[in-house]
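> okay, predicted coordinates and the sequence, questions at the end:
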Amino acid sequence: MDLPVSTLARPESFRTTRFSAMDSYRRAQGNMLEWCGIGPNECGYRIILKGPHWRLREYAGGDGRAAALIVPAPIKRPYIWDLAPSVSVVRHFLDRQFSVHLIEWTPASDDFSRVGISEFADHAISQCVERVMDETSGRKPALLGHSLGGTFAAISCALQQNVGGLVLLTAPLCFEPDSSSFRDALVSLLPQRLSESDIVPGSLLSHVSALACPRVFVWEKLRNAVLCALAGVFRSNARKSACRFRAACR
């Protein structure tokens, strides 16, 4: 018997292993693109500090007039901040003479079941802040946090005073019941059988997030893709028109 679409869409109708398989397929796609030469083109960096579940990157090129510490979401790869020269937050800050550092969270493993939020939001970030200050002659870094990384950065700022500023990008901050419609929808959609020690596949998080707020996670992404495509067509036509105009003027 066919199930209703609403039932098929809910995570309970799938097994977590299927989402893990989707993660593996996506990683294979990324590896194939990188093998074809379409991978990320990152700036040079060195690892200046390591923890049990993270590494601290220092990017080459900044002169240290100001310091920035990027806190990515632990479920995303750090290169989204430095995909290519034309779309790179890291390069943007380096060009403005910032000393740029980034916390690279290592992939989840079985020992993550013993790691609590304090390990991320308190211990890891505070150690990285201290090291950045050592590397930049005592300058307090500004924290730039995205998504769950922004949540960690906000908690860290509430716990310590050695931060020069805080920038949050789509970071969830409301977790009490009825404080956020997205939070309430997300809690109602998550499979009840998940335990706090489970490693949750990224595809599962994407699935329930899209169901909880399709405007942000589906429609706005499609809109941005269409606008980017139209902008590319416009730039191409503008260049062709300029070439024709110069040729006619000769």
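Everything's here; your move.
> helices of this structure, residue ranges please.
5-9, 16-35, 89-95, 117-118, 125-135, 148-159, 181-189, 202-212, 214, 220-249 (DSSP state H).
> which one of the ones you listed is the most hemmed in?
helix 148-159 (a mean of 21; mean count of other C-beta atoms under 10 Å). (Each C-beta comes from the backbone N, C-alpha and C, glycine too.)
> state the distance from the residue lying closest to Leu205 once chain neighbours are set aside to Ala185.
Nearest non-adjacent residue to Leu205, counting by C-beta to C-beta, 6 or more residues apart in numbering: Ile75, 6.4 Å away. Ile75 sits 19 Å away from Ala185, taking C-beta to C-beta, to the nearest Å as the criterion.
> then Gly164?
35 Å.
> can you tell me what sits against the lengthiest strand in the chain?
Taking DSSP state E as the criterion, the chain has its longest strand at strand 98-105. Applying C-beta atoms under 8 Å, 6 or more residues apart in numbering, the contact partners of strand 98-105 are 45, 48, 53-59, 61-72, 74, 78, 81, 90, 93-94, 120, 124-125, 128, 132, 135-136, 139, 141, 149.
> filter these to the buried ones?
45, 53-59, 61-62, 66-72, 74, 78, 81, 90, 93-94, 120, 124-125, 128, 132, 135-136, 141, 149 (16 or more other C-beta atoms under 10 Å).
> pLDDT-wise, which helix or strand of the protein ranks last?
Least confident helix or strand of the chain, by mean pLDDT, DSSP states H and E, is helix 5-9 with a mean of 42.
> want to throw the helices of the chain into TSV with distance to Thr170?
Output for these, formatted as TSV (distance: least, C-beta to C-beta, whole Å):
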stretch	distance to Thr170
helix 5-9	23
helix 16-35	21
helix 89-95	14
helix 117-118	19
helix 125-135	18
helix 148-159	7
helix 181-189	11
helix 202-212	11
helix 214	15
helix 220-249	11
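> by mean pLDDT, show me the worst of the ones you listed.
Comparing mean pLDDT over these, the weakest stretch is helix 5-9, at a mean of 42.
> on that earlier part again, got the contact list for the residue nearest to Leu205?
147-148, 202, 205.
> redo those as a markdown table? Include distance to Phe234.
Formatted as a markdown table, the contacts of Ile75 follow (distance: C-beta to C-beta, whole Å):
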| residue | distance to Phe234 |
| --- | --- |
| Ser147 | 31 |
| Leu148 | 36 |
| Gly202 | 34 |
| Leu205 | 35 |
